[in-house]
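Asker: how would this look folded up:
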Amino acid sequence: MSIEAILKPILAKLSNVNKHQRTFLTELFAVLLGRQGRATFENLARYARFTELTFRRQFATYFDWLAFNKACVDFTQGPFIGIIDCSFIPKSGNKTFGLDKFWSSCAGKAQRGLEVSLLACVNILTKQCFALEASQTPPNITQQDDKAYSRLSWYIEQLADCLPHLPALRYWVGDGYYAKTEVFTLFARHARHFITRLRHDAALYHLWTAGRQPGQRGPTRRYDGKAVFDDLSRWQDKGDHPIHAHIRLYSALLYSKHFGCLLRVVLVLDTRRQQYVLLASTDEQQAASQIAHYYHLRFQIELLFRDAKQFTGLTQCQARSDEKLDYHLNATLSTVNVARLLLAADTSLLNSMNALVRRETNRRVWKLIYSQLSSDGSVDVNRLNSLDCQFWQRRAA
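Answerer: I've put the predicted structure just below:
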């Protein structure tokens, strides 16, 4: 199936997209997958029918990427959960919007560059991650959460803007950084459940369930002691992890004074190293195995970042303004969504992003060559089996 066939029903669902935008987006996604070299305006124009100026002008316009990505997700079947995470993007120069020091997981320290905050969803059955909405973290915002406005406040604003448009995502997952009171309050306000990782020394308390004692004076007792993690006698043994046999799951319904709510806490114990991790869900009735599984699916967003950086040019934006940077970030991540729909429709590619990009690149290069030789500039790329375009680069290497 071609990119045009995939995008036609998706763009048809968007009422505010005119014909020129549909034509440009179809060409943009095809070029991002079928180019050679960096994803700069100049290089994109080499492989597209639009000029460099057209790319610059279109990147400065507004486009509802959340609605587009939701339409992409609608083409897949299965339950989804929401994911939120950030990724560091290296960027040089002095005039680019958003330049600041952000944490780089690869370097293990803060580095100068850009940061993108991404809302995504993961298919629970197929484990495929799809981008929903990407937002660039603005510069000169303090990392101290106790200040009036911090980077956490920016992430919360992004969530607050998008959650009303995503009613189907009842469960959201974030790493330990998002284990903050403001985040718990936001999800509770929108009637969503949040799964995250807690500190290994989190202050959690067992609830008092024996009721009021005879002759007791004063208010009824609320807590039955602080939860300890070296003695699991008061925890419910939920058996081994469904994937890793050396991991044991323990569950308890505990109260957090810091977050001000009841949490279904899962202690994930590594029996080999005798180390544990605390996972928590605001859904009090959720199964321990499901909490561990959902948090494990959170790491699929890292594969989304990897494919966008490696294949669609997430880190290669040539622009400096915030509008064009935002357009580029969302376009490259949405291209990965389109690529995964193509992979699902074509089993001959063996679900390989590398094979898909190689095929689209060879098709586009051949189309450009043939357009210079043919009198009418047309070619049926679906009848190039004798040329075996998919494996040109492999043979050349």
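Asker: all contacts plus neighbour counts: C-alpha atoms, from now on.
Answerer: OK.
Asker: what helix or strand does the residue nearest to C72 when sequence neighbours are not counted sit in?
Answerer: Spatial nearest neighbour of C72, chain neighbours left out: I10 (6.4 Å); criterion: C-alpha to C-alpha, 6 or more residues apart in numbering. If you go by DSSP states H and E, I10 is part of helix 3-12.
Asker: now do the top helix by length along the chain, average pLDDT.
Answerer: In the chain, taking DSSP state H as the definition, the longest helix is helix 322-345. Per-residue pLDDT values across helix 322-345 average out to 94.
Asker: got the CA coordinates for the following helix or strand past it in CSV?
Answerer: Heading C-terminal from helix 322-345, the first helix or strand you meet, by DSSP H and E, is helix 353-373. The C-alpha coordinates for helix 353-373 follow below in CSV (Å, rounded to 0.1, in the frame of the first residue of the first chain):
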residue,chain,number,x,y,z
MET,A,353,11.5,0.4,9.6
ASN,A,354,14.8,0.2,7.8
ALA,A,355,13.3,-1.9,5.0
LEU,A,356,10.5,0.5,4.6
VAL,A,357,12.7,3.6,4.4
ARG,A,358,15.0,1.9,2.0
ARG,A,359,12.1,0.9,-0.3
GLU,A,360,10.6,4.4,-0.2
THR,A,361,14.0,6.0,-0.9
ASN,A,362,14.7,3.9,-3.9
ARG,A,363,11.2,4.4,-5.3
ARG,A,364,11.5,8.2,-5.0
VAL,A,365,15.0,8.3,-6.5
TRP,A,366,13.9,6.1,-9.3
LYS,A,367,10.8,8.3,-9.8
LEU,A,368,13.0,11.4,-10.0
ILE,A,369,15.3,9.8,-12.5
TYR,A,370,12.4,8.5,-14.6
SER,A,371,10.7,11.9,-14.6
GLN,A,372,13.8,13.4,-16.3
LEU,A,373,13.8,10.7,-19.0
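Asker: helix/strand/coil for the closest residue in space to L269 that isn't next to it in sequence?
Answerer: In space, L269 comes closest to Y276 once its chain neighbours are excluded; the distance is 4.4 Å by C-alpha to C-alpha, 6+ apart. Following DSSP: H, G, I helix; E, B strand; the rest coil, the label given to Y276 is strand.
Asker: is Y276 in contact with L249, as I believe?
Answerer: No. With contact defined as C-alpha atoms under 8 Å, Y276 does not reach L249; the gap is 9.7 Å.
Asker: joint contacts of the two?
Answerer: Residues touching both Y276 and L249 (C-alpha atoms under 8 Å, 6 or more residues apart in numbering): 267-269.
Asker: so which of the residues you listed comes closest to N362?
Answerer: Nearest to N362, judged by C-alpha to C-alpha, of those is V268 at 47.2 Å.
Asker: can you pull up the bridge partners for that closest one?
Answerer: L249, V277 (DSSP bridges).
Asker: what's the neighbour count on it?
Answerer: Neighbourhood size, V268 [other C-alpha atoms under 10 Å]: 21.
Asker: try S150
Answerer: Count around S150 with other C-alpha under 10 Å applied: 16.
Asker: kindly report the same for Q216.
Answerer: 9.
Asker: for T209, same thing?
Answerer: Neighbours of T209 (other C-alpha under 10 Å): 10.
Asker: from W235, how far out is it?
Answerer: 15 Å (C-alpha to C-alpha, to the nearest Å).
Asker: E182 too?
Answerer: 28 Å.
Asker: and what of P139?
Answerer: The value you get for P139 to W235, if C-alpha to C-alpha is used, is 44 Å.
Asker: pull the contacting residues for Y327.
Answerer: Contacts of Y327 by C-alpha under 8 Å, 6+ apart are 59-60, 62-63.
Asker: again, only this time at 10 Å
Answerer: By C-alpha atoms under 10 Å, 6 or more residues apart in numbering, Y327 lies in contact with 58-65, 134-135, 317, 319.
Asker: got it, and L303?
Answerer: Taking C-alpha under 10 Å, 6+ apart, we find L303 in contact with 128-129, 309.
Asker: quick check, it in a helix?
Answerer: Yes. According to three-state DSSP, L303 belongs to a helix.
Asker: check what pLDDT it gets.
Answerer: pLDDT for L303: 95.
Asker: which one's more surrounded, E182 and W235?
Answerer: W235 (18 against 15).
Asker: state the distance from L297 to F80.
Answerer: When L297 is compared with F80 (using C-alpha to C-alpha), they lie 10 Å apart.
Asker: same question for S256.
Answerer: For S256, the distance to F80 - C-alpha to C-alpha - is 28 Å.
Asker: so which of those two has more stuff around it?
Answerer: F80 (24 against 14).
Asker: show me where this protein has its strands.
Answerer: All strands of the chain, identified by DSSP state E, fall at 80-90, 100-104, 109-123, 129-136, 171-173, 193-198, 205-207, 223-226, 236-240, 247-256, 261-270, 275-281.
Asker: in the third one, what's buried?
Answerer: Of the residues in strand 109-123, those scored as buried under the neighbour-count criterion (16 or more other C-alpha atoms under 10 Å) are 111-123.
Asker: that one to helix 322-345, inter-axis angle?
Answerer: Angle, strand 109-123 to helix 322-345, by axes from the mean of the first three to the mean of the last three C-alpha atoms, to 10 degrees: 40 degrees.
Asker: returning to that earlier point: so which pair among the buried residues of strand 109-123 is furthest apart in space?
Answerer: R112 and N123 (33.6 Å).
Asker: before we move on, the earlier item: so which of the contacts of Y327 wins on neighbours?
Answerer: A134 (25 neighbours).
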